[in-house]
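Participant: I'd like to go over a predicted model; first the sequence, then the structure.
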Amino acid sequence: MSRNLRRLREKLRSKDCQFCSVSMLDNCLVIHDVDTNQYFAQCRHCMTIYNHNFNIEHLGVPGIIGVA
């Protein structure tokens, strides 16, 4: 197991999504980019993507959209 994947899994245990506040331990997908050999976590609820340092790489779209 790579060092970046271990870091990401450790951070997922205690973190919530910064955008939709859902627990990342139960609601995430781990993505491996073969070209750069990096691991990312994607929130299943809002599709926000985090890198191995748990910084936002790509901001997702909220699942619930309010009426304006």
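Facilitator: Received, thanks.

Participant: Pull the distance from stretch 30-48 to the chain's centre.
Facilitator: For stretch 30-48, the distance from its own C-alpha centre to the chain's C-alpha centre is 7 Å (CA atoms, centre = their mean, to the nearest Å).

Participant: and that stretch, how far apart are its ends?
Facilitator: One end of stretch 30-48 sits 12 Å from the other (CA to CA, to the nearest Å).

Participant: Same question for it: list its buried residues.
Facilitator: The neighbour-count check on stretch 30-48 (16 or more other CB atoms under 10 Å) flags 38, 39, 40, 41, 42, 43, 44, 45, 46, 47, 48 as buried. (C-beta placed from N, C-alpha, C; glycine too.)

Participant: what about the strands in this structure?
Facilitator: All strands of the chain, identified by DSSP state E, fall at 28-33, 38-43, 49-50, 56-58.

Participant: Identify whichever of these lies nearest to residue 21.
Facilitator: Nearest of the strands of the chain to residue 21, taken as CB to CB: strand 38-43 at 10.1 Å.

Participant: so what secondary structure elements neighbour that closest one?
Facilitator: helix 3-14, strand 28-33, strand 49-50 (3 or more CB pairs under 8 Å, 6 or more residues apart in numbering; DSSP states H and E).

Participant: Identify, out of the ones you listed, the most deeply packed stretch.
Facilitator: Of all the helices and strands packed on strand 38-43, strand 49-50 has the most neighbours on average by mean count of other CB atoms under 10 Å, namely a mean of 20.
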